[in-house]
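1. This is the structure alone, sequence omitted:
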């Protein structure tokens, strides 16, 4: 029988990709953008393909030019966007003289 906080129980969760030990003798799923996580679903230690580790937070974010649409894979931004929040809304533009949110010349 596993004891709470038992190293063997914690190690058994690490054997399963996308699982972490919740402290209650159960392995739970990591967030969809984490390949591996520790202590909580959002504390990513390794990201799934298409996402990158965010240095400021223990999470995974999409690479520049892509946005997180809430599923496993990042989606490409509009061709005029450097970064975006969705397919139609640019947060920054590839060309410096264009203005967000649509990256059109003013």
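-> Right, received. Where do you want to start? Keep in mind that this is a model prediction, so the values were computed, not measured.
2. partners of the spatially most central residue of the chain in the sheet?
-> Centroid-nearest residue in the chain, with Cα atoms, centre = their mean: residue 60, separated by 2.9 Å. Beta-bridge partners recorded for residue 60 (DSSP bridges): residue 53.
3. now the strands: where do they sit in this protein?
-> Ranges of strands in the chain, per DSSP state E, are 19-21, 27-29, 34-37, 44-47, 51-53, 60-62, 66-67, 75-76, 81-84, 90-93.
4. Turn those strands into JSON lines, including distance to residue 103 and mean pLDDT.
-> Glycine gets a C-beta too; all of them are placed from N, C-alpha and C. Converted to JSON lines, those look like this (distance: least, Cβ to Cβ, whole Å; pLDDT from 0 to 100):
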{"stretch": "strand 19-21", "distance to residue 103": "39", "mean pLDDT": "71"}
{"stretch": "strand 27-29", "distance to residue 103": "37", "mean pLDDT": "85"}
{"stretch": "strand 34-37", "distance to residue 103": "31", "mean pLDDT": "84"}
{"stretch": "strand 44-47", "distance to residue 103": "27", "mean pLDDT": "84"}
{"stretch": "strand 51-53", "distance to residue 103": "23", "mean pLDDT": "78"}
{"stretch": "strand 60-62", "distance to residue 103": "18", "mean pLDDT": "83"}
{"stretch": "strand 66-67", "distance to residue 103": "14", "mean pLDDT": "89"}
{"stretch": "strand 75-76", "distance to residue 103": "14", "mean pLDDT": "89"}
{"stretch": "strand 81-84", "distance to residue 103": "6", "mean pLDDT": "91"}
{"stretch": "strand 90-93", "distance to residue 103": "4", "mean pLDDT": "93"}
